[in-house]
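In: Model the following, please.
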Amino acid sequence: MKRVVIKLGSSVVADADGELREDALARVCDAAAQLHGRGDESILVTSGAIARGMRTMGLPQRPSAIGELQAASAVGQGKLYRVYDELLRARGVTSAQVLLTFFDMSARTHYLNARQTLATLLAWRVLPVINENDTTATDEISFGDNDFLAAQVAVLIGADELILLTDIEGLFTADPRLRPDARLIADVTEFAALEELEIGHTTSPLGSGGMRSKVVAADMATAAGIATTICNGLDGDALRTVLTGGRAGTRFQAREARYSSFKLWLKYARPARGTLTIDAGAARAVREGSASLLPVGVIAVDGEFDAGDAVDIAVRAGDGAAGGAVGKGICNYSAPELRQVMGMQSAAVRTLLPRATDEAVHRDYLVLD
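Out: Residues are numbered from 1 along each chain as shown. All right, here's what the predicted structure looks like:
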């Protein structure tokens, strides 16, 4: 049995005037119904609620104010899902609308509850149609035209494949709309090789993503062992070609899964509330020995956070070592507590804070960059 997550960008769901592209939606629902019919599982992650609401309300352009974006989504969300529901029902597939927020992904309990709900729907042979709950989202907690949401869902349910549908053929060496000499990249095996490319944030008039968010989403998914393809959802054959094992667009090869489900959640879904700067010795111990981070290795604490919040961990440049990111972890101390005891040996820490744990960040709750 194969499990596939298919994500539709705003430019695939609606044209520049906000009118639904019913032919594109019908093709995607055809593909999902075919997967369903042969015993496989699919989940649709869709953008377009705001575009649908804009069209309904006659708004000339995508709003910039968060309240207006939320209101447009509220108008369009139900109307958009109804189209999917009717298309899938006509093809013999029962669907369910699922609305998620960044908080649902970043709060561990909510994350596990979402996974259980999706697992139950799939076990019932119900096709989930997922969108971000824009009516409660804010500027600080958005998924970038649902690219990150799609990757998180793929990781959440242990998908075999993630397909990101957009309005161009795939990842190019530069933006093909600005550079006619840009070349399509058919395969990506090393993300480091992409650093020299001009991967931008250019979006459609209705969307909030861009190619960069899709590449980051592919990075997230492939780190969990999920092959990812970016292809043209307006091409009548691209999705069918990918689903039948052919090649279209840009394929990101699945990597050997480096992390547990928990550490993938920590790395990609849990927002960091602060930064711990550590010395070179602590960085070496964490990186090479999979050791926990102790207060003695911390030399600076930035931000305000509570015990149990996620923090970024960086090493200070100097003593022959290059500075930079080390990883991310769940901190056992609040920011004020850690400022009190940073640089101190464990015995001194216990004298000052008798209830404190030895580890500022335990190795089981730390993921390396």
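In: distance between the lowest-mean-pLDDT helix or strand in the chain and the chain's centre?
Out: Least confident helix or strand of the chain, by mean pLDDT, DSSP states H and E, is helix 102-106 with a mean of 73. On the basis of Cα atoms, centre = their mean, to the nearest Å, helix 102-106 sits 10 Å off its chain's mean C-alpha point.
In: got it, and stretch 235-250?
Out: 22 Å.
In: so after the helix or strand hosting residue 228, what's the next helix or strand?
Out: For residue 228, the element it lies in under DSSP states H and E is strand 227-232. Downstream of strand 227-232, the first helix or strand assigned by DSSP H and E is helix 238-243.
In: Need the contact partners of the next helix or strand after that next one.
Out: As assigned by DSSP H and E, the chain's next helix or strand after helix 238-243 is strand 250-252. With contact meaning Cβ atoms under 8 Å, 6 or more residues apart in numbering, strand 250-252 is reached by 170-171, 184-188, 218-219, 221-222, 227-231. C-beta: built from backbone N, CA, C; applies to glycine.
In: Show the buried residues in these.
Out: Buried members of these, counted by 16 or more other Cβ atoms under 10 Å: 170-171, 185, 188, 218-219, 221-222, 227-231.
In: Pick out the most distant pair among the contacts of strand 250-252.
Out: Based on Cβ to Cβ, the longest span within the contacts of strand 250-252 runs between 184 and 221 and measures 20.1 Å.
In: gap between residue 244 and residue 221?
Out: Distance from residue 244 to residue 221, counting by Cβ to Cβ, to the nearest Å: 20 Å.
In: just to revisit the earlier point, quick check: which of the buried ones among the contacts of strand 250-252 has the minimum pLDDT.
Out: Note: of the buried ones among the contacts of strand 250-252, the lowest pLDDT belongs to residue 219, at 86.
In: secondary structure element for it?
Out: Element membership of residue 219, judged by DSSP H and E, is helix 211-223.
In: Outside of that helix itself, list whatever touches it.
Out: When contacts are defined by Cβ under 8 Å, 6+ apart, helix 211-223 is touched by residues 144-145, 147-148, 150-152, 154-155, 159, 162, 164, 166, 171, 175, 188, 191, 194, 199-202, 227-228, 230, 252-255, 257-259, 264, 267-268.
In: chain center to that helix: distance?
Out: Relative to the centre of its chain, helix 211-223 is centred 7 Å away, using Cα atoms, centre = their mean.
In: Show the buried residues in the contacts of helix 211-223.
Out: 144-145, 147-148, 150-152, 154-155, 159, 162, 164, 166, 171, 175, 188, 194, 199, 227-228, 230, 252, 254-255, 259, 264, 267-268.
In: Which members of these occur in strands, if any?
Out: 162, 164, 166, 188, 227, 228, 230, 252 (DSSP state E).
In: May I see the buried residues of the least confident helix or strand of the chain?
Out: 102, 104, 105, 106.
In: Can you name the next helix or strand after it?
Out: Heading C-terminal from helix 102-106 (DSSP H and E), you reach helix 108-123.
In: Just the buried residues of that following helix, please?
Out: So, applying 16+ other Cβ under 10 Å, buried residues of helix 108-123: 111, 114, 115, 118, 121, 122.
In: Point out the least confident one among the residues you listed.
Out: Confidence by pLDDT is poorest for residue 111 among those, given 83.
In: pretty sure residue 130 belongs to a helix, no?
Out: No - Residue 130: not assigned to a helix; according to DSSP: H, G, I helix; E, B strand; the rest coil it is strand.
In: Do I have it right that it meets residue 154?
Out: No - at 10.9 Å, residue 130 does not count as touching residue 154 under the criterion of Cβ atoms under 8 Å.
In: Now do the same contact list for the most centrally placed residue in the chain.
Out: For the chain, residue 148 is the residue whose C-alpha lies nearest the centre (Cα atoms, centre = their mean; 2.3 Å). Residue 148 makes contact with 213, 216, 217, 220, 268, according to Cβ under 8 Å, 6+ apart.
In: Check the gap between the nearest residue to the last one once chain neighbours are set aside and residue 311 for me.
Out: Excluding the flanking residues, the one nearest residue 268 by Cβ to Cβ, 6 or more residues apart in numbering is residue 220, at 4.8 Å. Noted for residue 220: a distance of 20 Å to residue 311, by Cβ to Cβ.
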